[in-house]
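> Fold the following, please.
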Amino acid sequence: MNYFTSAIAVLGLSGSMAMAADFELPKQMSWTAYGTGSSGYNQAVAIGAALQDAAGVNLRVLPGKNDVSRTEPLRQGRVQFSATGVGGTFMAQEGVFDFGAQNWGPQAIRVLMANNGGAINLSVGVAGDLGVETYADLKGKRVAYIVGAPALNVNTEAYLAYGGLTWDDVERVDFGGYSASWNGLIEGQVDAAFASTNSGKAYEAEAGPRGLYWPPVNPANTEGVAALKSIAPFFQLNKARVGATIDGTDGYQGAGYAYPVLAAMAATEDDLVYNMTKAMVVLFPEYDGNSSGIDGWALNKQNLEWVVPYHAGAIRYYKEAGVWTDAAQAHNDNLIARQDALAAAWEATKAAAPEDWEAAWGEARRKALADGGFKVVF
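Predicted coordinates for the structure are as follows:
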């Protein structure tokens, strides 16, 4: 394998990290990422440019339209890493939704780093002409449901739960895609839809005849926050600074989650993961500011006790950087044990060859989690 070594003088880091840092990466690398033009894709391209300038590493970014198309090349070994989201990490780990199909199952996904920038939130936006002030006010209102996009619908369900609601408390309006749902909000076919606060469709809605409002998530509402996280444990409370109706204000108190998440398979070589993680940190000053929201890759913004375990190679780097704790290790060990329990349940279900695969696997995975003392989600 051809490697390039880069000696980078990193400004603004303290101690040994401020010294010239070496990292070794293949001359040719490939990631999957979100679709062309998305924030995730643009960030991957900006990181690739920094790798090229600093170390002559050519990063090929392969756009994928959904979680499966981003994860398939990763599990096949056709790419080293995936700049993905909660679908390609948490839901792949859990073996749910598309990953619950018989040709998938729970995946041994590992995290390197994640963008926890907090510049944006991922929220349910509401038409501004309704007078809605809280998510509880959505009772009886029309809420968008995206057919074939369970990850998006789970997020919407989480916000409904924060407001003490379920899908039974609202009028579900089905759409064939994300963009269609927001066109429906703008045109009066639906009253609420899920999006990132900085999405183009959200800005369109803000400028449209109905306007746009993001109901807040109050951190003091511990019961509501717990309900939200019971549906979507990957969410974190956050005050957004960027987005439709938010730009130029003091910010919007809501919630979000890591996006993108740089992930690998557990079987990926430790040295490769170590060097990729190190390069992401060392080169941060070079790519910071080169794409919207990219500042969330900073080392001091990493959540080392998230819902998906970190790769051993990444942990090696975080230990060197002095940020990996005993608590993080214990949390990571528990997440790996969770993945092992799900993998065992999957193999047992396959061996049983049930007629109703979906029902059998759903029951088996929930039982495995409960029996192992793990939190049951989905």
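> if I pick Gln76, what's in contact with it?
For Gln76, no contacting residues are found, by CB atoms under 8 Å, 6 or more residues apart in numbering. Glycine gets a C-beta too; all of them are placed from N, C-alpha and C.
> Next, give phi and psi for it.
The phi/psi pair for Gln76 (degrees, to the nearest 10) reads phi -80, psi -10.
> repeat for the one 5 residues further on
Its backbone dihedrals place Phe81 at phi -140, psi 160, with angles given as degrees, to the nearest 10.
> Would you confirm that it contacts Leu112?
Yes - assessed by CB atoms under 8 Å, Phe81 is found in contact with Leu112 at 6.9 Å.
> so what sits against both of these two?
Common neighbours of Phe81 and Leu112, counting by CB under 8 Å, 6+ apart, are 262-264, 276.
> Now compare these and name the two farthest from each other.
The span of the shared contacts of Phe81 and Leu112, defined through CB to CB, is set by Ala263 and Met276 at 11.0 Å.
> which residues do the two both contact?
Joint contacts of Ala263 and Met276 (CB under 8 Å, 6+ apart) are 81, 112.
> Apart from its neighbours in sequence, what residue is nearest Leu304?
Among residues not flanking Leu304 along the chain, Ala328 sits closest, at 4.3 Å (CB to CB, 6 or more residues apart in numbering).
> who touches that neighbour in this structure?
The contact partners of Ala328, by CB under 8 Å, 6+ apart, come to 304-305, 310, 318.
> Please report which of the residues you listed has the highest neighbour count.
Counting neighbours by other CB atoms under 10 Å, Tyr310 leads the contacts of Ala328 with 28 neighbours.
> just checking, that one touches Thr89?
No - using CB under 8 Å, Tyr310 makes no contact with Thr89, being 11.2 Å away.
> tell me, what's touching those two both at once?
Val111.
> And the shared contacts of Phe81 and Leu112, which is closest to Tyr145?
Taking those together and measuring to Tyr145 by CB to CB, the closest member is Ala263, at 27.3 Å.
> Just say helix, strand or coil for the closest one.
With DSSP: H, G, I helix; E, B strand; the rest coil as the basis, Ala263 sits in strand.
> That one touches Arg110, doesn't it?
Yes - Ala263 is within contact range of Arg110, at 6.6 Å (criterion: CB under 8 Å).
> any common contacting residues for those two?
Val308.
> and those two? which has more neighbours close in?
More neighbours surround Ala263 than the other of Ala263 and Arg110, with 29 against 26 (other CB under 10 Å).
> how about that one, what does it touch?
Per CB under 8 Å, 6+ apart, neighbours of Ala263: 74, 81-84, 88-89, 109-112, 308.
> tell me the SS of the residue nearest to Leu304?
Taking three-state DSSP as the rule, one finds Ala328 in the helix state.
> Next, find the distance separating it from Asn66.
Computed with CB to CB, to the nearest Å, the distance linking Ala328 and Asn66 is 31 Å.
> Tell me the secondary structure at Arg172.
The local conformation at Arg172, judged by three-state DSSP, is strand.
> From what I see, it and Val143 are in contact.
Yes - Arg172 is within contact range of Val143, at 6.2 Å (criterion: CB under 8 Å).
> Next, show the common contact partners of those two.
By CB under 8 Å, 6+ apart, no residue touches both Arg172 and Val143.
> Between those two, point out the one with more neighbours.
For Arg172 versus Val143, neighbours defined as other CB under 10 Å are more numerous around Val143 (26 against 13).
> and the more buried one, helix, strand or coil?
Put simply, Val143 is strand when judged by three-state DSSP.
> Specify the beta-bridge partners of it.
Beta bridges link Val143 to Arg172, Ala192, judged by DSSP bridges.
> can you tell me how far Asn42 sits from Val217?
27 Å.
> the more surrounded of these two?
Between Asn42 and Val217, Val217 has the larger neighbour count (other CB under 10 Å), namely 25 against 19.
> Need the mean per-residue confidence for stretch 76-95.
Mean pLDDT, stretch 76-95: 95.
> Span of that stretch from start to end?
From the first residue to the last, stretch 76-95 extends over 17 Å; the measure is CA to CA, to the nearest Å.
> Find the helix or strand that Asn332 is a member of.
helix 326-352 (DSSP states H and E).
> Ok, Val126 next?
Here Val126 is assigned to strand 122-127, by DSSP H and E.
> Pull out the CA atoms of that strand and give them to me as CSV.
Once non-C-alpha atoms are left out, strand 122-127 reads as follows in CSV (Å, rounded to 0.1, in the frame of the first residue of the first chain):
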residue,chain,number,x,y,z
LEU,A,122,-32.8,19.0,12.9
SER,A,123,-36.4,19.7,13.7
VAL,A,124,-40.0,19.6,12.7
GLY,A,125,-40.9,23.0,11.1
VAL,A,126,-44.5,24.3,11.2
ALA,A,127,-46.3,26.6,8.9
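> That strand - contacts with which helices or strands?
On a contact count with 3 or more CB pairs under 8 Å, 6 or more residues apart in numbering; DSSP states H and E, strand 122-127 meets helix 150-162, strand 192-196, helix 200-207, strand 212-213, strand 252-256.
> Would you mind pulling the contact partners of the fourth one?
Right, the one you point to is strand 212-213. By CB under 8 Å, 6+ apart, strand 212-213 touches 125-128, 130, 132, 202, 205-206, 244-245.
> cool, the second one as well?
Strand 192-196 is contacted from outside by 39, 120-127, 132, 138, 141-144, 152, 155-156, 159, 178, 181-182, 184-185, 201-202, 243, 256, 259, using CB under 8 Å, 6+ apart.
> Restrict it to CA atoms and write it as PDB.
The C-alpha coordinates for strand 192-196 follow below in PDB (Å, rounded to 0.1, in the frame of the first residue of the first chain):
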ATOM      1  CA  ALA A 192     -45.600  20.300   9.600                       C
ATOM      2  CA  ALA A 193     -42.500  18.500   8.200                       C
ATOM      3  CA  PHE A 194     -39.000  17.500   9.300                       C
ATOM      4  CA  ALA A 195     -35.800  19.100   8.000                       C
ATOM      5  CA  SER A 196     -32.500  20.600   9.000                       C
END
